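Asker: here is the input, now give the coordinates:
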Amino acid sequence: MKRIVGTSVVALLTVVLATSAEAQATRTWVSGVGDDANPCSRTAPCKTFAGAISKTASGGEIDALDPGGFGAVTITKPITLDGAGTMASILASGTNGVIISSTMSPSNGQVILRNLSINGAGTALGLNGIRALGGGALYIENCVIFGFSQLGVDFQPNVASFLFINNSSFLRNLGGGVRVLATTALARRAAISGSHFEGNSFGVRVETTVAGNFAFGSVKSSIATGSAGAGFITSGSGSQMILLESIATANATGIQADAGTVIRAVNSVSSLNTTADTSGTVNNTGSFFGTP
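Answerer: Numbers count the residues shown, from 1 in each chain. Okay, here's the model as predicted:
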């Protein structure tokens, strides 16, 4: 009897460990015809990002097998969501598309969002496309974020953090395209390249709320157009932005640096906006600022 009991315990532990290992695969998969009851393997994919994330190990990756709407998701650990090769969408009606709430340092934690369409379903419905409240490094690559009532990206992490955006579009977000916000004395830094901001309240905003805070943004080879406010803006003492080879056109204001802030434009163009750029902007060599 004792031998039978011991054998049963070993067998049970083996099953538990196998199930745990399966639940924490390094790479998992989602499909438009998947099921969140599945193990999220390539042959038995999950239906949503939220269903797959609990079965994906920290630092792992969730890939889309085929076109589908994979739902809003809250991220609490380093992970990659990748929709390469298909149309991977997050439809966020009445909510945030992606919330990042993990507390990580840039050196040991990163979240990568790649090849995704994040749809707010119209500016009266979705809240924020991506809301980063936790720390670490956030990479947004080849994404389209549109139709949100608040922001395309709300980057206000609770520790010193980095934001990297490459080759992405932010369209018709009522609250603005990308906001980099420092609410504490720890630095927030953003690097944006090859991106398009159209029809938002603003294109890119770098902002601090308390004196002594620090927020910095660099924008390269990007365009802001059709903004209800400024294409590129800094506000709150301690905010700085560098514009390199970028364009602000057909906005209410092209480039706006509020008191105590600086925007340095290098080989950039601000022209055909409704009102003139503010005096806080430093016009560096090679840039052209046209009249309204």
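Asker: Ile100 contacts Arg131, doesn't it?
Answerer: Yes: the criterion here is C-beta atoms under 8 Å, and Ile100 meets it with Arg131 at 7.1 Å. Yep, even glycine has a C-beta here, placed from its N, CA and C like the rest.
Asker: who has more neighbours, the two?
Answerer: Each of Ile100 and Arg131 has its neighbours counted (other C-beta atoms under 10 Å); Ile100 has more, 26 against 20.
Asker: for that one, what are its contacts?
Answerer: By C-beta atoms under 8 Å, 6 or more residues apart in numbering, the residues touching Ile100 are Thr74, Ile75, Val111, Ile130, Arg131, Ala132, Leu133, Gly134, Gly136, Leu138, Pro157.
Asker: between these, which sits nearest Ile145?
Answerer: Ile130 (6.8 Å; C-beta to C-beta).
Asker: and the gap between that closest one and Tyr139?
Answerer: Between Ile130 and Tyr139 the distance is 11 Å, computed by C-beta to C-beta, to the nearest Å.
Asker: ok, now Asp154?
Answerer: Distance, Asp154 to Tyr139, by C-beta to C-beta: 16 Å.
Asker: so if I had to pick from these two, which one is more boxed in?
Answerer: Using other C-beta under 10 Å, the more surrounded residue of Asp154 and Tyr139 is Asp154, with 22 against 15.
Asker: give me the phi and psi for that one.
Answerer: With angles defined as degrees, to the nearest 10, Asp154 sits at phi -110, psi 100.
Asker: tell me the pLDDT of the nearest residue to Ala215 once chain neighbours are set aside.
Answerer: Distance criterion C-beta to C-beta, 6 or more residues apart in numbering; nearest residue to Ala215, sequence neighbours excluded, is Ala182 at 4.0 Å. Note for Ala182: predicted pLDDT of 89.
Asker: look up phi and psi at Ala182.
Answerer: phi -110, psi 110.
Asker: tell me how far the ends of stretch 98-113 are from each other?
Answerer: This stretch, stretch 98-113, spans 9 Å end to end (C-alpha to C-alpha, to the nearest Å).
Asker: for stretch 131-138, which positions count as buried?
Answerer: For stretch 131-138, burial by neighbour count (16 or more other C-beta atoms under 10 Å) applies to Arg131, Ala132, Gly134, Gly135, Gly136, Ala137, Leu138.
Asker: hang on, isn't Thr242 packed against Val206?
Answerer: Just so we're on the same page, residue 242 is Ile rather than Thr. No: with contact defined as C-beta under 8 Å, Ile242 does not reach Val206; the gap is 10.1 Å.
Asker: and Pro274, how far is that from Thr95?
Answerer: Heads up, residue 274 is Thr, not Pro. Thr274 is 34 Å from Thr95, by C-beta to C-beta.
Asker: so these two - more neighbours on which side?
Answerer: More crowded of Thr274 and Thr95, by other C-beta under 10 Å: Thr95, with 16 against 11.
Asker: for that one, helix, strand, or coil?
Answerer: When classified by DSSP: H, G, I helix; E, B strand; the rest coil, Thr95 comes out as coil.
Asker: my read: it touches Ala72, true?
Answerer: Yes: between Thr95 and Ala72 there is a contact under C-beta under 8 Å: 5.3 Å.
Asker: if we can go back for a sec, so Ile242 and Val206 - more neighbours on which side?
Answerer: Val206 (30 against 19).
Asker: per-residue pLDDT of that one, please?
Answerer: At Val206, pLDDT is 96.
Asker: which one of the contacts of Ile100 sits closest to Gly226?
Answerer: Taking C-beta to C-beta as the measure, Ile130 is the one of those closest to Gly226, at 21.0 Å.
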